[in-house]
Every structure is written in structure tokens, then in C-alpha cells.
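[1] I'll drop the sequence and a predicted model, then ask my questions.
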Amino acid sequence: MNEPRRWKVPLADVVVDEELADTALETFRSGWWSMGPRVQEFEDRFAAFCGAGHALAVANGTAALHLGLLAVGCSPGDEVVVPSLNFVAAANAIVHTGAEPVFCDVLGPEEPNLDPADVEAALTERTKAIVALHYAGYPCDMGALRALAERRGLAIVEDAAHAPGASLGGRMCGTLGDVGCFSFFSNKNLPVGEGGMLVTDDDRLAEQLRLLRSHGMTSLTWDRQRGHASDYDVLLPGFNYRLDEMRAAVGSKQLEQLPAENEARGRIVARYREALAGTPGLVVPFADTTGRVSSYHLAVVVLPEGTDRTAVRASLDERGIQTSVHYPPIHTFTAYRDRSRRPLPQTDALAGRILTLPLYGRLSDEQVDAVIEGLLYTL
């Protein structure tokens, strides 16, 4: 089996200390691996962290989006507005409800979050919901989106996969719409490998999500193990989107480190921004963070117009620096090309220029300097 490449500066990294390893091992040795008390503890802690009435752990971020969309009533014949500058999971989740994704544009290089005016332009009589992504961990304009949703009777599903710990006007991302969806994939700020979370203040939505998460059953295996239930009914055809105990235990431990991780990422982004300021044609987005706090999930730059991004990445690769692109716009993929019916000029203009630099809390000063030096050398 081929060993993974050892980068001098990887795009992302995880820290596995003795305490985290012992947490996972203790859970493994407990003999109870499926959803149980550690999942409940993780949910309780995450709800408290976000200031949400309910938190429900699920298998991954895509499952969170799927359940969130179903819970707000998305179904065949509906449309859901979603930014094309996003991971394809958002569109896939919409399609799997039977609804149709309608792609909207972003504001531009300085603010690559969805454009509320273009969201409004994308609405039709069939629109059921808006998926609001907080791109790179920077809250989007939820005030404008909420006002629009209230006027048109629409639901807002927050795609907060990038934004655990980010906030807008003092309120945590994930709690600003009807339901918030988080991802705990291994490159996220709060990594558990695979995992996700839904948060909501709506009791009815929370109950619907609980049923959908576990086959529509009225009780779980853990309830019956404890003697809290001896049988169950099935109220609707749900899914098996449960989270297991090992990842929940890791998640609870990682949640303790999340504020410090976000702060460390913020310091690194500030170093990138300062060092790259003034580079002709280069844009470091999100210079204006008035009223909002980022989780600093991604360090994205927009290369000067006409730059050969492939050549830039190859040059950095030769220096042992890993980069990525977040994201190839969804409407450019084969599966969605024929579904795209709207012009997206800002997204199209950004598509070949965005570049993601390494970002995680443990990046050393020397590694950050290497990234900066390598990027400036190529431009």
C-alpha cells in the first residue's frame, strides 16, 4: 500500500494527544459503540456552546443537510436556492429530497459569500428554502436573508460546515436560520473523522429530525438497553444517520479545544493578510469583519486575473506546500451543468482564481513564512 505524501506544509492537520487517544480507547473498551450516552453528552455540550435549544448528532455533514432540508419540508416539485461556490454535498442533499437546486451568485472577490440580491432574483413560486453557506467560516448576510425569507415564507437552512464558533451580532452561526448544519470531517475546525450536527430552537423541527435520523423509530437501542422502553413504533420512513459513541467522545474532547483552535487560525490568517497586502492584483477576501467573528476555516486568496493557477499550485507543490481549491463551482460539474439556468458572473469570474492555502492552528511561523514566500515567488 502506498504511503501518503509527507508535505512540509500540509493543507490541514489533526493533533492526537494522549488525552484524546485515551478518550477514544476508553469508549472502545466500554463495549457500547452505537449511539448512547457519549452522543448525548456531545449533543448537550454542542447545544450549550452554540446557545441552541437542540443539537442532534449525525453521521456526517451531508446527512445533516439532507435531514435539515427534509425537516423544513423540501420535497419533489420544490426549488432550493444555494450558492454554486460551495461543496457539491449541498446540491446533492437538495436533489435527494426530490427538490431542484437553483444556483445563486456570490458578491465578489472581497466577499465570496452568497449575494442576497441574487438570491432574491433566483426565487420563484416553487422556492421552498435557501441554503445559506458561511463560506470559509465568515458569516454571510443573514439579516438580509432572514428578512427575505420572512417576506416570502421561506425556510433557511444554514450550511455552517465551515463555521463552528463563528458568530454574527453576538449569535452563533447555525442558530441564525431555521436549522443549522455542521460538519466534523477530518479537515474541519472540529474534526472527528466523519460526523455532523444539526442545531435548532424549534421543538417541532427537533422532533422531526430525531425521527428522521433513526428510521422514524420512537425509541433507540440505548433507551431499550437502559430499560426506558421495551418496544417501539415507526412514525415515518427515516434513515440510519446516527453518530457512533467513539466519534462522539472525540467530538466532545475536540469541542473543548475549538475556541483556541479558531483563535490560532485567526492569527495565521492575519499574518497571511499582512504579508500579502499590496501584491498587485491579489485579493485576500473578508477584510471587513465588522459585526462578525469568523471561525477561520479556510485561508483563501484570489489570484490576479490571468494567473495560471495550475502553475502556481505546481510551484508550491515542488516546495512541499499543499494547496486546494474551495470550490470548483457546482454548476460546472457534469451532473449539474444542465440544471444551471441562471448567469453567475461573479462565481464564474472567481472559479479559476481562488486558491486555498494551508491553515490549521499548529502551523509554525516557519511554515507560514514558507507559504508566503512560495506564493509571492510564483506571482
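    Here it is on my side, so go on.

[2] Do you have the helices of the stretch 151-300 of the chain handy? List them.
    Assigned by DSSP state H, counting those that start in this stretch, the helices in the stretch 151-300 of the chain fall at 203-213, 221-225, 245-276.

[3] Tell me where the chain is predicted with low confidence.
    Residue ranges of the chain with pLDDT under 70: 1-4, 220-230.

[4] Which strand in it has the most residues?
    Longest strand in the chain by number of residues (criterion: DSSP state E): strand 127-133.

[5] For that one, which strands pair with it and how are they oriented?
    Strand 127-133 sits in its sheet next to strand 79-83 (parallel), strand 155-159 (parallel), going by DSSP bridges.

[6] what's in contact with the last one?
    When contacts are defined by C-beta atoms under 8 Å, 6 or more residues apart in numbering, strand 155-159 is touched by residues 65, 68-69, 72-74, 80, 86, 90, 128-134, 142, 145-146, 149, 173-174, 176-181. (Each C-beta comes from the backbone N, C-alpha and C, glycine too.)

[7] rerun at 6 Å
    Strand 155-159 is touched from outside by 68-69, 72, 90, 129-133, 149, 174, 177-181, with contacts defined as C-beta atoms under 6 Å, 6 or more residues apart in numbering.

[8] May I ask which of these has the most neighbours?
    Gly68 (33 neighbours; other C-beta atoms under 10 Å).

[9] OK, contacts around that residue?
    157, 179, 181, 198.

[10] Just the closest of those residues to Leu298, please.
    Using C-beta to C-beta, Cys181 is the member of these that sits closest to Leu298, with 17.3 Å.

[11] The closest one contacts Ala63, doesn't it?
    No - Cys181 is not in contact with Ala63 according to C-beta atoms under 6 Å; the separation is 8.9 Å.

[12] pretty sure Leu209 is touching Leu65, no?
    No - in this structure Leu209 lies outside contact range of Leu65 using C-beta under 6 Å: 11.9 Å.

[13] which one of these two has more residues nearby?
    The neighbour count for Leu209 versus Leu65, taken as other C-beta under 10 Å, is higher for Leu65 (32 against 25).

[14] Compute the number of surrounding residues for the closest residue to Phe103 other than its chain neighbours.
    Closest residue to Phe103 in three dimensions, ignoring its sequence neighbours and counting by C-beta to C-beta, 6 or more residues apart in numbering: Ser84, at 4.0 Å. A count of nearby residues for Ser84, using other C-beta under 10 Å, gives 29.

[15] In contact with Ser84: list those residues for me.
    By C-beta under 6 Å, 6+ apart, the residues touching Ser84 are 103, 329-331, 344, 347.

[16] Pro83: what's its closest spatial neighbour, skipping adjacent residues?
    Pro83 sits nearest to Leu114 (C-beta to C-beta, 6+ apart), 4.2 Å away.

[17] can you tell me which residues contact the one you found?
    Leu114 sits next to 83, 104, 106, 140 when contact means C-beta under 6 Å, 6+ apart.
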